[in-house]
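Peer 1: Quick one, structure for this:
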Amino acid sequence: PQACSNIVWAYATSDVPHPALFRKMAIHIVALDRLVRFEPQALSNTLWAYATAGVSHPKLFQKMAHAALGKLDRFTHPQDF
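Peer 2: Numbering: from 1, shown residues only. This is a model prediction of the structure:
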């Protein structure tokens, strides 16, 4: 999970467009049984990366939102929101 987050974050911050990579990564993350291994920071960074890259993947967003709701008590720093 951390590696997935790091990869999309790196592409988003480098301003290198790679929509195919974002689509493949989204498919991979959505295919995971559960996102319990994603820490709040990884969830935040992943969603930030998709927003910054301008790539939409509704199934990914829905699954990550559900995972984040289950961890709300662990989002302790303003930057995590």
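Peer 1: all contacts plus neighbour counts: C-alpha atoms, from now on.
Peer 2: Fine.
Peer 1: residues contacting the residue of the chain most remote from its centre?
Peer 2: For the chain, the residue at maximal distance from the C-alpha centroid (CA atoms, centre = their mean) is Asp73, at 18.4 Å. Contacts for Asp73 (CA atoms under 8 Å, 6 or more residues apart in numbering) come out as none.
Peer 1: For it, grab phi and psi.
Peer 2: Here is the backbone geometry of Asp73 (degrees, to the nearest 10): phi -70, psi -10.
Peer 1: list the contacts for the residue nearest in space to the middle of the chain?
Peer 2: Compute the mean C-alpha point of the chain, and by CA atoms, centre = their mean the closest residue is Thr46, 2.4 Å away. Taking CA under 8 Å, 6+ apart, we find Thr46 in contact with Cys4, Ser5, Asn6, Val8, Trp9.
Peer 1: now swap in Ala67 and tell me
Peer 2: Leu35, Val36 are the contacts of Ala67 under CA under 8 Å, 6+ apart.
Peer 1: tell me the mean pLDDT for the one helix or strand it maps to?
Peer 2: Here Ala67 sits within helix 58-69, counting by DSSP states H and E. Helix 58-69 carries an average pLDDT of 93.
Peer 1: buried ones in that helix?
Peer 2: Across helix 58-69, burial judged by 16 or more other CA atoms under 10 Å covers Leu60, Phe61, Met64, Ala67, Ala68.
Peer 1: Test my guess that the last one contacts Leu43.
Peer 2: Yes - A contact is recorded between Ala68 and Leu43 when judged using CA atoms under 8 Å, the distance being 7.0 Å.
Peer 1: in this protein, which spans are helices?
Peer 2: 2-14, 19-31, 40-53, 58-69 (DSSP state H).
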